[in-house]
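A.B. asks: What follows is a protein structure lacking sequence information:
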């Protein structure tokens, strides 16, 4: 059941400016500050909209551009793919992906028009589960952690998902594709932007050692950096800032994330 698999799109924070991260203790270095209180972790980024760089969709897009188990996998044509809560499978099972809850609000902004909101665009988001597996591929029976939302009059969509794992060789990330409209979101080849979000380091350090089920992410995260990552490694500091969501919350209550996807239209 690869044909008609699920896709989930994660949002980017377009940022240039101060980044604040909350962990234990208080440190200040350059334009970034971090502070902590009662085990909660938050990152904030203040910015105007920044055009995000395009990045690879990777090997697990399920967007009609590659195959899985020998057949074309295109969740973008599946009934039920347009949804806000992407934690459950919806094709052949109803399994809910376990993990630390994350609610992500994305704002699509036009960098060619004073960051005006772009309404009526479709955003497809997908990422791995807490074991590092992707639905329809290394978790072939599942269709969770994939979904599409259409931007409202404020250019916004909201996804409820989980914090992704760190698997070997990659910085923790979320994939997304932006389409001109829902009707054009039938294959990744129609996207106007394909990119990725980088998970904030402080939140990764708060989640992986302490949240149930993320054990394998601890060693994988210790072995990778943004500069050695094969996707984010060639980006500038400003681009990395723009690709890192602002997040607040904790393992026990979950995280709230906000991001702006800047795109020239």
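C.D. replies: Arrived safely. This one's a predicted model, so the numbers in the text were calculated from it and none came from an experiment.
A.B. asks: Poorly predicted segments of the protein, please.
C.D. replies: 1-47 (pLDDT under 70).
A.B. asks: So what would you say the end-to-end distance of stretch 65-80 is?
C.D. replies: Stretch 65-80 stretches 20 Å from its first residue to its last (Cα to Cα, to the nearest Å).
A.B. asks: again, but for stretch 184-203
C.D. replies: 35 Å.
A.B. asks: And for stretch 67-83?
C.D. replies: 24 Å.
A.B. asks: which residues does residue 185 contact?
C.D. replies: With contact set as Cβ atoms under 8 Å, 6 or more residues apart in numbering, residue 185 has these partners: 76, 122, 124, 148, 177, 179, 191. C-beta: built from backbone N, CA, C; applies to glycine.
A.B. asks: same for the stretch of helix or strand the third one belongs to, what does it pack against?
C.D. replies: Put plainly, it is residue 124. Element membership of residue 124 [criterion: DSSP states H and E] is strand 122-126. Counting contacts by 3 or more Cβ pairs under 8 Å, 6 or more residues apart in numbering; DSSP states H and E, strand 122-126 is packed against strand 101-110, strand 146-150, strand 156-162, strand 173-179.
A.B. asks: 10 Å instead?
C.D. replies: Where contact means 3 or more Cβ pairs under 10 Å, 6 or more residues apart in numbering; DSSP states H and E, strand 122-126 is packed against strand 101-110, strand 146-150, strand 156-162, strand 173-179, strand 193-198.
A.B. asks: With mean neighbour count and distance to residue 92 as added columns, please give these in JSON lines.
C.D. replies: Shown next, in JSON lines, are those (neighbours: other Cβ atoms under 10 Å; distance: least, Cβ to Cβ, whole Å):
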{"stretch": "strand 101-110", "mean neighbour count": "22", "distance to residue 92": "24"}
{"stretch": "strand 146-150", "mean neighbour count": "26", "distance to residue 92": "14"}
{"stretch": "strand 156-162", "mean neighbour count": "22", "distance to residue 92": "20"}
{"stretch": "strand 173-179", "mean neighbour count": "26", "distance to residue 92": "22"}
{"stretch": "strand 193-198", "mean neighbour count": "24", "distance to residue 92": "27"}
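A.B. asks: The helix or strand hosting residue 217: what's the following helix or strand?
C.D. replies: Residue 217 is part of helix 215-222, with elements assigned from DSSP H and E. For helix 215-222, the following helix or strand on the C-terminal side (DSSP H and E) is helix 237-242.
A.B. asks: elements contacting the helix holding residue 217?
C.D. replies: helix 201-207.
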